[in-house]
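A.B. asks: no letters, just coordinates:
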């Protein structure tokens with residue numbers, strides 16, 4: 001009888017845990033934008049200009065900020081904060097790092113900071 005009560009208790013706990021878990025989490029709340037976007041990228045600083053029509057930008061998240069890693073010897077953009085704009089679309093906020101918009105399939109960058117210019121029109 002004791003064994004039956006233990007098994008019934010374990011099943012009841014497992015059922016409670018499964019039922020109480022929510023399934024309506026917004027995809028944007030699960031780092032949906034992290035990944036690699038491909039398309040045209042460019043960078044300009046003084047006389048140095050780098051452009052690529054087949055570039056890539058890898059997006060990662062650390063804490064509450066996002067980092068953008070470029071290929072083609074383009075310097076990275078790090079420590080970017082975002083605010084939600086519409087359904088599952090975000091735009092960058094903060095001093096010197098505005099001009100980035102991102103959603104599940106598109107990344108657009110138009111950033112000017114310290115006499116450096118980054119642009120990107122990428123998809124995944």
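C.D. replies: On my side now, so go ahead. Fair warning: this is a prediction, and the values are worked out from it, not measured in the lab. Numbering: from 1, shown residues only.

A.B. asks: touching stretch 79-93 from outside, list them.
C.D. replies: For stretch 79-93, the external contacting residues (Cβ atoms under 8 Å, 6 or more residues apart in numbering) are 26-28, 32-33, 64-68, 94, 97-104, 111. Yep, even glycine has a C-beta here, placed from its N, CA and C like the rest.

A.B. asks: for that stretch, buried residues please.
C.D. replies: Of the residues in stretch 79-93, 80, 82, 90, 92 count as buried by neighbour count, 16 or more other Cβ atoms under 10 Å.

A.B. asks: measure that stretch end to end?
C.D. replies: One end of stretch 79-93 sits 11 Å from the other (Cα to Cα, to the nearest Å).

A.B. asks: so where's this protein shaky on pLDDT?
C.D. replies: Applying pLDDT under 70 to the chain flags residues 17-31, 96.

A.B. asks: all strands for it, in order.
C.D. replies: With DSSP state E, the ranges of strands along the chain come out as 35-45, 48-62, 65-70, 77-84, 90-93, 100-102, 106-113, 116-123.

A.B. asks: what pairs with the first one, parallel or antiparallel?
C.D. replies: It refers to strand 35-45. Paired strands of strand 35-45, with direction, are strand 48-62 (antiparallel), strand 116-123 (antiparallel) (DSSP bridges).

A.B. asks: looking at the strands of the chain, which is nearest to residue 10?
C.D. replies: strand 48-62 (36.9 Å; Cβ to Cβ).
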